[in-house]
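S.K.: what's the 3D shape of this:
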Amino acid sequence: MHLSAYLTDPSVRPTVVTAACALVDAEVQRASGIPGMAVRSAYRVLMGIRPGIVPAAVDGLLDSFADQLDPFYQQHVTSGRPLVEILTEQRTSMADALLSITDDRAERTSQATLRRAYRRVRGSARGYVEEAAPGIAGLIDAYTPARTEPGA
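M.R.: Now for the predicted structure:
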């Protein structure tokens, strides 16, 4: 079954969005050094522009993210390997897949402030998304059926 069938089901979608927002918040707070300061600053700008922008953005991106993460999830399903191993091993591909969505959205936004804030942190974004692989795997695992054996 496609990952989106689990993550975007109307009965769980609000909970998935809340969990994803908590993951985003935790990852932003974990960012360190000068690039981390830029990420935290850009995040504050986003939240200052419109309260609720993060949950709205997560909800708006969830379907696309599920589509991009599905090939990794299918590897997990067919192999029985832990999703965290797959996402960690393929973290660059996973990050590029997710960032292709946000890159496109950032370029199409009519909000110049949002576009500038995104561009300011985009250079270091891949590393942050790569570091979030265990959290992303944990989120997916929380909302998909438990795997007990390959092909089960």
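
S.K.: tell me, how many neighbours does I101 end up with?
M.R.: By other Cβ atoms under 10 Å, the residues close to I101 number 15. C-beta coordinates here come from the backbone N, C-alpha and C atoms, glycine included.

S.K.: Could you list the low-pLDDT ranges of this structure?
M.R.: By pLDDT under 70, the low-scoring segments of the chain are 147-152.

S.K.: what comes up buried for the helix of greatest length in it?
M.R.: In the chain, taking DSSP state H as the definition, the longest helix is helix 53-79. Neighbour counts over helix 53-79 (16 or more other Cβ atoms under 10 Å) mark 53-54, 57-59, 61-62, 64-66, 68-70, 72-73, 75-77 as buried.

S.K.: Packing partners of it?
M.R.: The contact analysis (3 or more Cβ pairs under 8 Å, 6 or more residues apart in numbering; DSSP states H and E) places helix 53-79 against helix 3-7, helix 13-30, helix 33-49, helix 83-89, helix 91-108, helix 133-142.

S.K.: Apply 6 Å and report the result again.
M.R.: Other elements packing on helix 53-79 under the criterion 3 or more Cβ pairs under 6 Å, 6 or more residues apart in numbering; DSSP states H and E are helix 3-7, helix 13-30, helix 83-89, helix 91-108.

S.K.: How about residues contacting the last one?
M.R.: By that I understand helix 91-108. Helix 91-108 has contacts (Cβ atoms under 6 Å, 6 or more residues apart in numbering) with S64, Q68, L87, R115, Y118, A125, R126, V129, E130, A133.

S.K.: ditto for the third one
M.R.: Identification of contacts with helix 83-89 by Cβ under 6 Å, 6+ apart yields F72, Q75, H76, M94, A133, P134, A137, I140, D141.

S.K.: ok, which pair from those is furthest apart?
M.R.: The largest separation in the contacts of helix 83-89, counting by Cβ to Cβ, is between Q75 and P134 at 16.2 Å.

S.K.: picking that back up, farthest-separated two in the contacts of helix 91-108?
M.R.: Among the contacts of helix 91-108, L87 and R115 lie farthest apart (Cβ to Cβ), at 28.2 Å.

S.K.: of those two, who's got more company?
M.R.: The neighbour comparison of L87 against R115 (other Cβ under 10 Å) goes to L87, with 26 against 15.

S.K.: Kind regards, and thank you for your time.
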